[in-house]
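*Asks:* Fold the stuff below for me.
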Amino acid sequence: MTNKTVKWIFSIVLVLTILFAGIYGFIQYKVSTVQDRVAEYMVKEKQVKKEDFKAKGFMANRSGDKNYMVEVKVKKDPNYYYYYRTSDDKVKLEFYLDKDNKQHFEK
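*Replies:* Below is the predicted model of the structure:
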């Protein structure tokens, strides 16, 4: 391979690496901000102590606001709750799973 070809390949690899790192960083940022907002919602509006629940953000592969969701598990509650943040910064319950793994959607 010529020196020019090596530089060209290196440049392509570098650009792709930066592109993928940027996309990954953006997704992690979105998940983290939604997770923080839902945790704040649980404490302030649902009156649940921070040590009494676990919140885990994830990418849900849905459209719009529901693409980034947070799974919430409250101690001594058999259900799992799935929240998302709307574009106007409100937290909404999408659905919950009961102890039998049956989904219950909000109306």
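*Asks:* Now do the lowest-mean-pLDDT helix or strand in the chain: everything it contacts.
*Replies:* Taking mean pLDDT, DSSP states H and E as the measure, the helix or strand of the chain with the lowest value is strand 103-105, at a mean of 94. Defining contact as CB atoms under 8 Å, 6 or more residues apart in numbering, one finds that strand 103-105 is touched by 94, 95, 96, 97, 98. Every residue, glycine included, has its C-beta placed from N, CA and C.
*Asks:* does the fourth one really touch residue 78, like I thought?
*Replies:* No - contact status for residue 97 versus residue 78: not in contact, 9.1 Å apart, counting by CB atoms under 8 Å.
*Asks:* Mind giving me the packing neighbours of the host helix or strand of residue 31?
*Replies:* Using DSSP states H and E, residue 31 sits in helix 3-44. Counting by 3 or more CB pairs under 8 Å, 6 or more residues apart in numbering; DSSP states H and E, the packing neighbours recorded for helix 3-44 are strand 53-59, strand 68-74, strand 80-85, strand 91-97.
*Asks:* Kindly present those as CSV, with separate columns for distance to residue 1.
*Replies:* What follows is these, written out as CSV (distance: least, CB to CB, whole Å):
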stretch, distance to residue 1
strand 53-59, 39
strand 68-74, 43
strand 80-85, 49
strand 91-97, 52
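*Asks:* now those strands in a markdown table, with mean neighbour count and mean pLDDT?
*Replies:* Formatted as a markdown table, the entries for the helices and strands packed on helix 3-44 read as follows, by neighbours: other CB atoms under 10 Å; pLDDT from 0 to 100:
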| stretch | mean neighbour count | mean pLDDT |
| --- | --- | --- |
| strand 53-59 | 16 | 97 |
| strand 68-74 | 20 | 97 |
| strand 80-85 | 21 | 96 |
| strand 91-97 | 16 | 96 |
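*Asks:* between those strands, which one is nearest to residue 11?
*Replies:* When the helices and strands packed on helix 3-44 are compared for distance to residue 11 using CB to CB, the nearest one is strand 53-59, at 29.9 Å.
*Asks:* where does the protein have low pLDDT?
*Replies:* Filtered on pLDDT under 70, the chain yields the residue ranges 107.
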